[in-house]
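Trainee: when you get a sec, could you give me coordinates for this:
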Amino acid sequence: MSFPALHIDTLGSQGQDIVLLHGWGVNNQVFSPLKSALHQYRVHYVDLPGFGLSGNIDGDITQWSQALAAQLPQQAIWIGWSLGGLIASQIAIDYPESVAALVTIASSPCFMSREANELNPTWPGIQPDVLAQFSSQLSRDLTRTVERFLAIQAMGSDNPKADIQQIKSLVLSKPLPTQQGLSQGLDMLAQVDLRTRMAQIQQPWLRIWGKLDSLVPRKIISALPQSNSIEDVVLHKASHAPFISHPELFLSHLLPWIIKYSQK
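Mentor: Numbers count the residues shown, from 1 in each chain. Coordinates of the predicted model:
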């Protein structure tokens, strides 16, 4: 199956391939603070379908993952933030040849909170009414909806106004996302549940969390798979965008890990 070409900014011509996937409502410019630190690698900054300069791709996370795996190099280190981490996890499971190692930042296998039942305790996450409000507001005021979501992402940060302003100034250098891309992304946040598939991730896996994150509670760590090749890092003063609010601390954990698991 062929898909429209995604917009991918590739920097660097040698070294380990690294793929960066952004979160909902933004584009690959959100990773600008990391560019100088990753200059020695071949880094692919992706605009997800319907975001930045990428056109829409019909379907759900299955079709998006298929398109990404087809258009990016194999045996790369995939780094996904928030929604991007969910998609990167799906690719690590379904296309293991694509992912040499996985990094998820402030990301969950199931973003929506779930009620307890006989098999599962209560799963912490975003309240259903919050995502429902965003979904209903999309058709009325796309710009305002994206801005409200960015504000939620900075909640708990030491400098929320500065974090929001930095994210906005970076991502507004590109066109606003399409209504289709935003709706598909919200559907993924609301519906995708990879919890039963997490044990299928066999690649080395670094999980970075913000202790003050209001969207992805760090207490889900205890419910996730653990192994010698999995590392959890909690940044105690960070919220949902630790690479924006605490870039030096964030990189002090990320860069040694990349060196450890680089293939080239």
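Trainee: now do the contacts for Ser139.
Mentor: Gln179 (Cβ atoms under 8 Å, 6 or more residues apart in numbering). Where you see a C-beta, it was placed from the backbone N, CA and C, and this is true even at glycine.
Trainee: ok, now how distant is it from Ser183?
Mentor: As judged by Cβ to Cβ, to the nearest Å, Ser139 and Ser183 stand 9 Å apart.
Trainee: show me what contacts His224?
Mentor: Quick fix: residue 224 is Leu, not His. Contacts of Leu224 were listed using Cβ under 8 Å, 6+ apart, and they are 109, 198, 207.
Trainee: for those, pick the one with the most neighbours.
Mentor: Neighbour tally across these (other Cβ atoms under 10 Å): the maximum, 23 neighbours, falls on Pro109.
Trainee: next, count neighbours for the closest residue to that residue other than its chain neighbours.
Mentor: Using Cβ to Cβ, 6 or more residues apart in numbering and skipping the chain neighbours, the partner closest in space to Pro109 is Leu194 (3.9 Å). The local packing count at Leu194 equals 17, with neighbours defined by other Cβ under 10 Å.
Trainee: what do you get for Tyr95?
Mentor: With neighbours defined by other Cβ under 10 Å, the count for Tyr95 comes to 17.
Trainee: how about Leu72?
Mentor: By the other Cβ under 10 Å criterion, the neighbourhood of Leu72 contains 21 residues.
Trainee: quick one: pLDDT of it?
Mentor: With respect to pLDDT, Leu72 scores 98.
Trainee: okay, it and Ser98: tell me how far apart.
Mentor: Distance from Leu72 to Ser98, by Cβ to Cβ: 7 Å.
Trainee: now Ala190
Mentor: Per Cβ to Cβ, Ala190 is found 26 Å from Ser98.
Trainee: what of Asn28?
Mentor: The spacing between Asn28 and Ser98, counted by Cβ to Cβ, is 18 Å.
Trainee: likewise Leu182?
Mentor: Distance of Leu182 to Ser98, computed by Cβ to Cβ: 25 Å.
Trainee: can you check Met1 too?
Mentor: When distances are taken as Cβ to Cβ, Met1 and Ser98 turn out to be 16 Å apart.
Trainee: identify the residues contacting the residue nearest to Pro109.
Mentor: Taking Cβ under 8 Å, 6+ apart as the definition of contact, the neighbours of Leu194 are 86, 89-90, 93, 109-110.
Trainee: hmm, try it at 7 Å
Mentor: The contact partners of Leu194, by Cβ atoms under 7 Å, 6 or more residues apart in numbering, come to 89-90, 109-110.
Trainee: who has more neighbours, Ala190 and Ser98?
Mentor: Set side by side, Ala190 and Ser98 give different neighbour counts by other Cβ under 10 Å, the larger being at Ser98 (22 against 17).
Trainee: could you pull out the helices for the stretch 151-264 of the chain?
Mentor: Remark: helices of the stretch 151-264 of the chain, listed N- to C-terminal, are 160-171, 179-191, 242-245, 247-261; assignment by DSSP state H, counting those that start in this stretch.
Trainee: name the residues that touch the shortest one?
Mentor: Judged by Cβ under 7 Å, 6+ apart, the contacts made with helix 242-245 from elsewhere in the structure are 33-34, 105-106, 157-159, 163, 166-167, 208, 210, 235, 238-239, 250.
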